[in-house]
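Novice: from the sequence below, what's the structure:
(chains A and B)
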Amino acid sequence: MDLVSLLATGMQVALNPVNLLYCLLGVSLGTAIGVLPGVGPIITIALLLPLSFGLPTEASIILLAGIYYGASYGGSTTSILVNLPGEASSAVTCIDGHQMAKNGRAGVALAVAALGSFFAGTVGTLLIALAGPPLAAVAMRFGAAEYAALVFAALLMVATMTRGGAIKGIGVALLGVIFGLAGSDVMTGVFRFTFDIPELRDGVDFAALAVGLFAIAEIIGNTSSGPQGKIATSAIGNLWPTRDDFRRAWPAVVRGTGIGALLGVLPGAGVAMSSFSAYMVEKNIAEQPERFGEGAIEGVAAPESANNAAAQTGFIPTLLLGIPGSPVMALLLGAFMIHGVAPGPRMMSEHAPLFWGLIASMWIGNLFLVVLNLPLIGLWVRLLNVPYHWLYVFVLAFACVGVFTMGTSAFQIYVLIFFGFLGYLLKAAGLSPALFILGFILGPMFEENFRRAMAISHGDPLVFLQRPISLIFVLLGLSVLALATTSFVRRGREEAAEG
Amino acid sequence: MTVSSNTLAGAIFLFFGMATVIVGWGYGLGTMTQLGSGALPVVAGGALSALGVVQLLSAVRSAASAAVPAFSRFELRPLLSILGAVLAFAVLILPTGLVPALVALVAIGWFAQKGGAKWEIAGAMIVVIVLVTAIFKYGLGLPLRLFVWGF
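Specialist: Numbering: from 1, shown residues only, chains lettered A, B, ... in the order given. This is a model prediction of the structure:
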């Protein structure tokens, strides 16, 4: 089948009224929660994960993808109106976006962000559709050794690129790997780390883990920081950009989209780095760089387009190889697995309607953001005025009931408590719970493929170096590690010299 | 004494790393051709322990004045209140049903923060129960019993 007919199949699935409704619901809920200050896409997805449990597979995945876009978009709204980014990628938008809001042009900033995101989303969706079939064909030829090496490289790339240093990053990812190994061993059937608890035989429940690490730990953290006052939001004002705004914004949108689409595919680079890079590029090529920081529209258009394009192309390794390149993708992958869908090269042939339906719904979800959410933005922003002590008890109840409905016993709620506490400790220790999730998802993939590769090669570890694709990934992983440790050593020396 | 955030990170790594090595060893390491169930846990646990040691050493070595404390003083109350609220929900949900479990959850969780007037807690209970029931029981059609004795 050619691309057009595949996309048509997808459109048929996505335009099914029920799926359309869930796409709209996901985008709206994602925006509503993502608008809350300090709440990024990861927390939003973890929190809303239980909503998808009772739904059919297609609807649930469309809902989750919608939540993801909605939350990313909601984050940029808060950055512009309140100057509080929910995630690293929105931090750049704050610089000029909030300045525009102060100048009474919040509406224009929001509109440009939405339109730029829509353009970037359209391009990103097309790229996934184009890259899909050839990449899946390559991935089909991957053996166990290639997969193990790829997971190894991806894990190291993401873990070493976080703030707080390579040791903390790799350590917390390893901690996630260890928790991921609990449950029955796929190769031998031995129960590992189950401590004779029958509920642990299938491994640690992903939903309870994610909700605990993010939602529960987040509530503990927020209530600890004392009562919050009301948040002052800027007025939204006129939404429609002027002709001059358009003239300045559209080249920035195109450049941002290109940068984001490219960086989004790389594990570890992801969304945050793409918006930052796009901003720097705009500032460097601008005729009057001094306008940046004073409310330059390019400073909103470029990073917002870049992070949306990256968010979109980030689906490429996740959907086609089954390997998430970022923590958000790891979370989505975990959610897919709960619904019995294992993303990977075979997804396109075995779940063709689902795959293309998801691609089509991504585009529709982006359209909903522009057409429906933009006019409703005032409504979402009003959520900011709900006192936090009302909000958190509701979120807490929502999380408990959601996790409880996964099983019939109360066991998963005890798991929720454990990971709520662990998440609190991780936060106190400056460790990233998002990397923990990534390790949790990638660890078992690595183990299975590594052991299989070793068995096929009769115990010869050189197999990872003899196969060219595997060799490339191993070298990539090792060089990232070397780079991170040498910069760690250098920093250590600098600290010693200063001290 | 205050625990710095870097020390805590090292302690977490060392604790889970050692525990994984000790428990994982029992699952058998296997051979190179047929790796046992314990092989990867032991390697991962060992690596994590090593990172924990390095992290602890660098935390000790770095100047104490520059250390970021892991916990500020007033944080025990929200921690206990939130986790206690979830625990109460876990204990009550099966024997009593959704409504009593949510009442307990809101009642305990409310005290994580000193906010709002006395009447608000009742209001919060009603809002939470109505919304949660509407979304999960009627919206998603999940089999939740409001009260174990009836409904």
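Novice: around chain B, which positions in the stretch 1-150 of chain A sit nearby?
Specialist: Remark: the part of the stretch 1-150 of chain A in contact with chain B comprises A:51, A:53-55, using CB under 8 Å from any CB of the partner chain. To be clear about C-beta, it is placed using only N, CA and C from the backbone, and glycine gets the same treatment.
Novice: got a markdown table for the residues you listed, with secondary structure and neighbour count too?
Specialist: Shown next, in a markdown table, are the residues of the stretch 1-150 of chain A next to chain B (DSSP: H, G, I helix; E, B strand; the rest coil; neighbours: other CB atoms under 10 Å in any protein chain shown):
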| residue | secondary structure | neighbour count |
| --- | --- | --- |
| A:Leu51 | helix | 23 |
| A:Phe53 | coil | 18 |
| A:Gly54 | coil | 15 |
| A:Leu55 | coil | 18 |
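Novice: wait, which of those is closest to chain B?
Specialist: Distance to chain B, by CB to the nearest CB, is smallest for A:Gly54 among the residues of the stretch 1-150 of chain A next to chain B, at 4.4 Å.
Novice: wait, what's in contact with the nearest residue to that closest one once chain neighbours are set aside?
Specialist: With sequence-adjacent residues excluded and distances taken as CB to CB, 6 or more residues apart in numbering or on different chains, A:Gly54 is closest to B:Leu140, at 4.4 Å. Each residue near B:Leu140 by CB atoms under 8 Å, 6 or more residues apart in numbering or on different chains is listed here: A:51, A:53-55, A:405.
Novice: confidence score at B:Leu140?
Specialist: In this model, B:Leu140 is scored at 76, pLDDT.
Novice: what's the most distant pair in the contacts of B:Leu140?
Specialist: Of all pairs drawn from the contacts of B:Leu140, the greatest distance, 12.2 Å, lies between A:Leu55 and A:Thr405 (CB to CB).
Novice: per-residue confidence for the residue lying farthest from the centre of chain B?
Specialist: In chain B, the greatest distance from the average C-alpha position (CA atoms, centre = their mean) is reached by B:Thr33, at 38.4 Å. On pLDDT, B:Thr33 comes in at 81.
Novice: now A:Ile167
Specialist: pLDDT, A:Ile167: 87.
Novice: which ones are touching it?
Specialist: Applying CB under 8 Å, 6+ apart to A:Ile167 gives the contacts A:488, B:51, B:54-55, B:58.
Novice: hang on, the earlier thing: quick check: phi and psi at the residue nearest to A:Gly54.
Specialist: Dihedral angles phi and psi of B:Leu140 (degrees, to the nearest 10) take the values phi -90, psi -10.
Novice: assign a three-state SS to the residue in chain B positioned nearest to chain A, would you?
Specialist: Closest contact between chain B and chain A, by CB to the nearest CB, is at B:Met32 (3.2 Å). Here B:Met32 is recorded as coil under DSSP: H, G, I helix; E, B strand; the rest coil.
Novice: ok, and the closest non-adjacent residue to it?
Specialist: Leaving aside its sequence neighbours, B:Met32 sits nearest to A:Gly459 (CB to CB, 6+ apart; 3.2 Å).
Novice: and what about the one you found, helix, strand or coil?
Specialist: Following three-state DSSP, A:Gly459 is assigned to coil.
Novice: ok, it - how many residues close by?
Specialist: Residues near A:Gly459, counting by other CB atoms under 10 Å in any protein chain shown, number 14.
Novice: likewise the one 10 residues further on?
Specialist: As a burial measure, the neighbour count of A:Ile469 was computed by other CB under 10 Å and equals 16.
Novice: contacting residues for it?
Specialist: Counting by CB under 8 Å, 6+ apart, A:Ile469 touches A:142, A:146, A:149.
Novice: so which strand or helix has it?
Specialist: Using DSSP states H and E, A:Ile469 maps to helix A:468-498.
Novice: mean confidence score for that helix?
Specialist: In this model, helix A:468-498 carries a mean pLDDT of 72.
Novice: for chain B, what spans make up the strands?
Specialist: With DSSP state E as the criterion, chain B has no strands.
Novice: looking at it, which helix or strand is least sure?
Specialist: The weakest-scoring helix or strand in chain B, judged by mean pLDDT, DSSP states H and E, is helix B:118-132 (a mean of 88).
Novice: quick one: contacts of it?
Specialist: A:389-390, A:393-394, A:397-398, A:401, B:98-99, B:102-103, B:105-107, B:110.
Novice: make it 10 Å
Specialist: A:387, A:389-398, A:400-402, B:98-99, B:101-107, B:109-111, B:116-117, B:139, B:144, B:146 (CB atoms under 10 Å, 6 or more residues apart in numbering or on different chains).
Novice: residue 138: how many residues sit nearby?
Specialist: Using chain A. Residues contacting A:Val138 under the criterion other CB under 10 Å number 13.
Novice: nope, chain B please
Specialist: Residues near B:Tyr138, counting by other CB under 10 Å: 10.
Novice: check contacts around it.
Specialist: Counting by CB under 10 Å, 6+ apart, B:Tyr138 has contacts B:Leu144.
Novice: how much space between it and B:Val130?
Specialist: Separation of B:Tyr138 from B:Val130 (CB to CB, to the nearest Å) stands at 11 Å.
Novice: ok, A:Leu49 next?
Specialist: Distance, A:Leu49 to B:Val130, using CB to CB: 22 Å.
Novice: out of those two, which sits in the more crowded spot?
Specialist: Neighbours per residue (other CB under 10 Å) separate A:Leu49 from B:Val130, with A:Leu49 holding more: 28 against 10.
Novice: A:Asp205 is in contact with that one, correct?
Specialist: No. The pair A:Leu49 / A:Asp205 is not scored as a contact, 11.2 Å apart, by CB atoms under 10 Å.
Novice: helices of chain B, start to end?
Specialist: Counting by DSSP state H, chain B has helices at residues B:5-25, B:39-61, B:76-96, B:98-109, B:118-132.
Novice: pull the distance from the longest one to the chain's centre.
Specialist: On the basis of CA atoms, centre = their mean, to the nearest Å, the separation between the geometric centre of helix B:39-61 and that of its chain is 23 Å.
Novice: for it, buried residues please.
Specialist: Neighbour-count burial for helix B:39-61 flags B:39-45, B:47-49, B:51-52, B:55-56, B:58-59 (criterion: 16 or more other CB atoms under 10 Å in any protein chain shown).
Novice: again with the first one
Specialist: Of the residues in helix B:5-25, those buried under the neighbour-count criterion (16+ other CB under 10 Å) are B:5-14, B:16-17, B:20-21, B:23-24.
Novice: now it and helix B:39-61, what's the angle there?
Specialist: 160 degrees (axes from the mean of the first three to the mean of the last three CA atoms, to 10 degrees).
Novice: helix B:5-25 - what's its average pLDDT?
Specialist: Averaging pLDDT along helix B:5-25 gives 93.
Novice: could you do the fourth one as well?
Specialist: Along helix B:98-109, the predicted local confidence has a mean pLDDT of 92.
Novice: which strands and helices sit next to it?
Specialist: With contacts taken as 3 or more CB pairs under 10 Å, 6 or more residues apart in numbering or on different chains; DSSP states H and E, helix B:98-109 sits against helix A:388-404, helix B:76-96, helix B:118-132.
Novice: for those, could you give me a markdown table that also reports distance to A:Asn308?
Specialist: Converted to a markdown table, the helices and strands packed on helix B:98-109 look like this (distance: least, CB to CB, whole Å):
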| stretch | distance to A:Asn308 |
| --- | --- |
| helix A:388-404 | 26 |
| helix B:76-96 | 34 |
| helix B:118-132 | 31 |
